[in-house]
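Undergrad: the sequence and its predicted three-dimensional model are supplied below.
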Number of protein chains: 4
Amino acid sequence: MKTTVGIIGATGYGGIQLLRLLADHPQVDVVYLGAEQNVGIPIQKLYPFLSMDRVTEAVNITQITQRCEVVFLSAPKGVAVKLVPDLLAGGCRVIDLSADYRFHNLKTYEQWYDLPRQDQATASKAVYGLPELYREQLTTTRLVGCPGCYATASLLAVAPLLKQGLILPDSVIIDAKSGISGAGRNASADNLFAEADSTVVAYNIGRHRHIPEIEQVCSHLLGGTEIQVQFTPHRIPMSRGIMATLYGQMRDPGLVTEDMLMIYEAFYRLAPFVKIMGNGIYPQTKWVTGTNNCMIGLEADGRTGRIVVVSVIDNLLKGQSSQAVQCMNLMLGWEETLGLPRLGYYP
Amino acid sequence: MKTTVGIIGATGYGGIQLLRLLADHPQVDVVYLGAEQNVGIPIQKLYPFLSMDRVTEAVNITQITQRCEVVFLSAPKGVAVKLVPDLLAGGCRVIDLSADYRFHNLKTYEQWYDLPRQDQATASKAVYGLPELYREQLTTTRLVGCPGCYATASLLAVAPLLKQGLILPDSVIIDAKSGISGAGRNASADNLFAEADSTVVAYNIGRHRHIPEIEQVCSHLLGGTEIQVQFTPHRIPMSRGIMATLYGQMRDPGLVTEDMLMIYEAFYRLAPFVKIMGNGIYPQTKWVTGTNNCMIGLEADGRTGRIVVVSVIDNLLKGQSSQAVQCMNLMLGWEETLGLPRLGYYP
Amino acid sequence: MKTTVGIIGATGYGGIQLLRLLADHPQVDVVYLGAEQNVGIPIQKLYPFLSMDRVTEAVNITQITQRCEVVFLSAPKGVAVKLVPDLLAGGCRVIDLSADYRFHNLKTYEQWYDLPRQDQATASKAVYGLPELYREQLTTTRLVGCPGCYATASLLAVAPLLKQGLILPDSVIIDAKSGISGAGRNASADNLFAEADSTVVAYNIGRHRHIPEIEQVCSHLLGGTEIQVQFTPHRIPMSRGIMATLYGQMRDPGLVTEDMLMIYEAFYRLAPFVKIMGNGIYPQTKWVTGTNNCMIGLEADGRTGRIVVVSVIDNLLKGQSSQAVQCMNLMLGWEETLGLPRLGYYP
Amino acid sequence: MKTTVGIIGATGYGGIQLLRLLADHPQVDVVYLGAEQNVGIPIQKLYPFLSMDRVTEAVNITQITQRCEVVFLSAPKGVAVKLVPDLLAGGCRVIDLSADYRFHNLKTYEQWYDLPRQDQATASKAVYGLPELYREQLTTTRLVGCPGCYATASLLAVAPLLKQGLILPDSVIIDAKSGISGAGRNASADNLFAEADSTVVAYNIGRHRHIPEIEQVCSHLLGGTEIQVQFTPHRIPMSRGIMATLYGQMRDPGLVTEDMLMIYEAFYRLAPFVKIMGNGIYPQTKWVTGTNNCMIGLEADGRTGRIVVVSVIDNLLKGQSSQAVQCMNLMLGWEETLGLPRLGYYP
């Protein structure tokens, strides 16, 4: 007997990745596809490459709670807030891909996302959906707030350093590079091929919305100490993939690259999707495209006393949809790797 | 004393290419930039890479005719029809980059462009702005209808064959590949980087709007015989450039590649921007990027009795804006090559 | 009990795609990876994205025949000729991805591939590995010569037309566009990113080596009548994917697009990997990336009396490695779709 | 009477950019093209897009000194060392694009470039060819060592900060992103389109050879104090362009973005090719493609107390060949902007 699953917001990039992943998942049955726009339209019409004759439906909470044991939400900010309390009350487990349930302190959300919030009770139940750091909590929660794509790549790069006290916390600088699919499918002149090809641009320097969730988790890793992280996102001319290049001042400049690699290996020994590279190997984003993997390489720079960590993920999979499925696997007590892509195609 | 020039529709891709070219042209002074949207906004604000402090103005015919000796129009279909008669009456020379003045038979325009037309008198005065075929007529006209980008690449490939009677006219098949800038700067999901990268797609098979102008000129080259051309445009993942690959059944299958190359060389001996490749060399679009050149290579296939011609241009320059400047040079009796780019950067 | 499989030439693009596919195949066990170069090196060292600790071995026929029930060869032309007779004699089933066993008439091979051949006996046993046309023969053969990538896309586009006598055979023109991975992993200045990006180029006009196999199968579809096909390959700036745009003169110009689509639907009703698009939909290469699918769209052009067919595949999967696995499934009596990717990631 | 100019190493990317620029320069005559390989071959044969019938010659010092007043060297490391003393002795002015004459302290060169050096006398005469910092010295020298591409982008970003004492010197971190043409035209599997497309990779973390020249100039700006700069280069999927994203700890965290922009404006008020963006505008590499411009945007991050500076150049022009021409203009007392591209094409 398979678990019944629904997707709200099934027609954006996040939604169709979810749909494609869940179609291959051995334990679930996708029984509901909700959409705000394009209701009643076969998925195959919207995305001819998806050979599926499923049709989108309007968002009706009663219907959803009757038919679905698990609900994924892939909607813009502010939508989940309105739906999640009723979905939980109706007995569903909920995995939200937006920012709505990432924050314990709703003041942080209000400040960075410009939306008032009053549902502290619900928000307090949510677990941050980064399995490598919150595996235990994910096995018992009914509500997950999945991380942002940049946050996933950044936090997996920085976690061992902060947790083990290897760097000065306030020295953390993250220079991130993302493919353009991160901007979603909304038409904007800036993201047209002719504008976005053959160019790189920085944006939202010091004020990207993934900063507060990175800082919240970093602070958690530090046992509560507040921390300010410098974060700069760049858009580079490719569709998929994120690289986070992280800089930190080492407390002990005597540590060499091999030492650091061993520490990372140990830290992630139970994480089936995190791969630590060998000495001198820096991972490319293409090496993880089409997979739920995060690959990490690093260099301890004896000359400057800094460590430089390079972390790569597929922004639409580990940075979004397949990580949500990984969370579902844990919530339902299944094998963490179930139905998740581990080998990509290359080149 | 420089010639005063204005541009109507200065803020699209065509307009800014024109602006950039005319800024470097030794004989003209750009005195007016007209725009429908974004009036009163400095060009540099719209396009920070253009280090110019010029400001766009509303479209006012009296103003334009008083200040400009030459006017370029780079506007959507149907706009030129409304403005050109008054601009001509006001004494301007007019170079229109839209399709409005490409057709002698306005029925053809009405049929392919879905717009009614009544200005046969004005349309009859217009010269088709392809200097390699209509150089003489361009030196005496006051109104030019510049060719479409696909039509430019296609006609320069086919002209020697039809003019010299080397192929069966109805055998002409043109398979064209264009960069994405051809779609302009209008935001559409299809042209987003994430959608348009790493893919190729055919569109408007057998019904692209550049077909009737190709057929009009082909028919003209044949001395009036009507002709149906098979034309398929493809969008490929690059910003600039068009390649037309042309197939024709040779009347004399005994002709070899060298013969054909000599015929092309002779046909274009007075055309400073058409470069015929050596035997065995097929030009790439990148070889003409940033220039007003058209490069042509070909193969006479003895096995099949067909000739295959490959013609490449920069769709935004020879296919649009620099060809318009080339027309202006001829209209004003200047050196044809004046102010036009002939050497690109590579790679 | 799984079937034991080996790969000779495991480290090229073809080989690693095979390796990746077979790793996920439920019925096989990859027990041998052979390589000419890089012997004894872990695959993960050559391709860090492949999280596998397998090691390449030298090519030793005795070893291979003892350990493997099925052998895939992914080597340059002329290598298979030397190995296949011994592999067959040793009891292996052989699936060759090179051109060595594609031809019934070895004179054709000698002429187009510049290599002498004497093994007519072995060659006569080989079946051309295009399951959509040779499904029956594949279920009983022990030797398969897999099609070239261009040939796969072209033949699936043209087969219904020739088989049903819908077009004039000698009117077939195929204008193909391929991503750059088709050139393999050999370093050449022409295929450097800086040279190959933002450009399109035609090559080997009228003399590409996939022409004779296209003509051999076309002739077979015509019941033996010889045919000359016009074929022009183009390299476009993307890694994966091939589009074949096919032109043919219809015998009955009264047939409309809907008629033709129905004929294609019927022709491929038993082919699980061929998808015929709806009227007005032309498939993109990206729609099949990462899958074994071939998508086909078409237009019957009433104006010109021609049909234009657009066919797309992933050149490294349906055009190479996954098609070889599809052949294996048929040879071994398994479900044709077993272990083969049908849903891609997008965008 | 034009100045006679020669290029040694005319057939690499650097050489052909130089050739193309000098062909349009109003004051020079290119009279000699030297090459190690491909001697006696017309340039047009190597680069069909360059419509020039010039032929490369062997490298003969006597010939060169007799015919050329100015010599550009665009050769691998170690070549200039052997030729420059004789060229200077023969009366030529020399502009070297390699690293050979960038260092005052030859020990630094020996250590980072693995080549022994004994020509301290010649090296001491060389001026570092970054006109924005060494304009005066360039007007009187006969030998210029042109900066590396990364160094140009990085130094123009950091110079005002160090010169005015606005940041803690040892806090400088530069995260750079380069197009692939920076790797030159040597075929390597890593730079094949199929490998390098759709991916980003870091390399030479903490040990890239442009680090010592960046540190040498930084130290000079600090009045001699030594400094260690953290530098990480990344290769991103585009042909041309470099972005340097620079991080520094501000001494006075009270300074806001507007203050910093004014300081940059003032610092570069005499630099015709440096453009400081408005508040909130971060330049893209595409905005400078095809020009000698460097565009700089920045953000003073009050939250973290750091300044983030984004600097972009065309790596093959301002980062290499057009900067060399800019140096020539200064050496010969000409207008600094003579013959240099200031407006690019877009998109």
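TA: Structure's in. What do you need?
Undergrad: now do the contacts for the residue of the stretch 51-200 of chain A found nearest chain D.
TA: Taking CB to the nearest CB as the measure, the stretch 51-200 of chain A has residue A:199 as its residue closest to chain D, at 3.5 Å. C-beta coordinates here come from the backbone N, C-alpha and C atoms, glycine included. If you count contacts by CB atoms under 8 Å, 6 or more residues apart in numbering or on different chains, residue A:199 has them with A:237, D:238, D:241, D:284, D:285, D:286, D:287, D:289.
Undergrad: farthest-separated two in the residues you listed?
TA: Greatest spatial distance among these (CB to CB): A:237 and D:287, at 14.2 Å.
Undergrad: distance of the closest residue to chain C within the stretch 151-300 of chain A from chain D?
TA: With CB to the nearest CB, the shortest gap between the stretch 151-300 of chain A and chain C falls at residue A:287, namely 3.5 Å. Going from residue A:287 to chain D by CB to the nearest CB, to the nearest Å gives 8 Å.
Undergrad: sec struct for the closest residue to that residue other than its chain neighbours, please.
TA: Here the nearest residue to residue A:287 in space, its sequence neighbours aside, is residue C:49; by CB to CB, 6 or more residues apart in numbering or on different chains that works out to 3.5 Å. In the three-state summary, residue C:49 is assigned as coil, counting by DSSP: H, G, I helix; E, B strand; the rest coil.
Undergrad: and residue C:49, what pLDDT?
TA: At residue C:49, the model reports a pLDDT of 84.
Undergrad: before we move on, back to that, so the residue of the stretch 151-300 of chain A closest to chain C touches residue A:347, yeah?
TA: No: using CB atoms under 8 Å as the test, residue A:287 is too far from residue A:347 to be in contact (10.2 Å).
Undergrad: re the thing from before, what secondary structure does the residue of the stretch 51-200 of chain A closest to chain D sit in?
TA: With three-state DSSP as the criterion, residue A:199 reads coil.
Undergrad: list the residues that contact the residue lying closest to it once chain neighbours are set aside.
TA: By the measure of CB to CB, 6+ apart, the closest residue to residue A:199 outside its immediate chain neighbours is residue D:286, 3.5 Å from it. By CB under 8 Å, 6+ apart, the contact set of residue D:286 is A:195, A:198, A:199, B:49, D:241, D:344, D:346, D:347.
Undergrad: who wins on neighbours among the residues you listed?
TA: The most crowded member of these is residue D:241, carrying 31 neighbours; neighbours defined as other CB atoms under 10 Å in any protein chain shown.
Undergrad: show me the contacts for it.
TA: With contacts defined as CB under 8 Å, 6+ apart, residue D:241 is in contact with A:198-200, D:178-179, D:285-286, D:288-289, D:312-315.
Undergrad: excluding chain neighbours, what is closest to it?
TA: Counting by CB to CB, 6+ apart, residue D:285 is the residue found nearest to residue D:241 once chain neighbours are left out, at 3.1 Å.
Undergrad: smallest gap between the stretch 1-150 of chain A and chain C, at which residue?
TA: Ranked by CB to the nearest CB, the top residue of the stretch 1-150 of chain A for proximity to chain C is residue A:49, at 3.5 Å.
Undergrad: distance of that residue relative to residue A:80?
TA: Distance check for residue A:49 against residue A:80: by CB to CB, to the nearest Å, it reads 28 Å.
Undergrad: okay, now residue A:57: neighbour count?
TA: Using other CB under 10 Å, residue A:57 has 18 other residues around it.
Undergrad: do residue A:114 as well
TA: Neighbourhood size, residue A:114 [other CB under 10 Å]: 10.
Undergrad: could you do the one 10 residues further on as well?
TA: Using other CB under 10 Å, residue A:124 has 12 neighbouring residues.
Undergrad: and it, what is it in contact with?
TA: Contacts were defined as CB under 8 Å, 6+ apart; by that measure residue A:124 touches residue A:104.
Undergrad: still on that earlier bit, burial check on the residue of the stretch 151-300 of chain A closest to chain C, number of neighbours?
TA: Count around residue A:287 with other CB under 10 Å applied: 24.
Undergrad: contact partners of the helix or strand bottoming out on mean pLDDT in chain A?
TA: Sorting the helices and strands of chain A by mean pLDDT, DSSP states H and E puts helix A:43-46 at the bottom, at a mean of 86. Applying CB under 8 Å, 6+ apart, the set of residues contacting helix A:43-46 from outside is A:10-11, A:16, A:19, A:33, A:38, A:50-56.
Undergrad: among these, which are located in strands?
TA: Counting by DSSP state E, the members of the contacts of helix A:43-46 that fall within strands are residue A:33.
Undergrad: hmm, the helix or strand hosting residue A:263 touching chain D?
TA: For residue A:263, the element it lies in under DSSP states H and E is helix A:257-267. No: no part of helix A:257-267 sits close enough to chain D to count as contact by CB under 8 Å from any CB of the partner chain; the gap is at least 9.7 Å.
Undergrad: and that helix, what's buried?
TA: Along helix A:257-267, the positions that meet the burial threshold by neighbour count (16 or more other CB atoms under 10 Å in any protein chain shown) are A:257, A:260, A:261, A:263, A:264, A:267.
Undergrad: how far out from the middle of the chain is the helix or strand following that helix?
TA: Counting by DSSP H and E, the element after helix A:257-267 in chain order, helix or strand, is strand A:274-276. Strand A:274-276 has its average C-alpha position 16 Å from the chain's average C-alpha position, going by CA atoms, centre = their mean, to the nearest Å.
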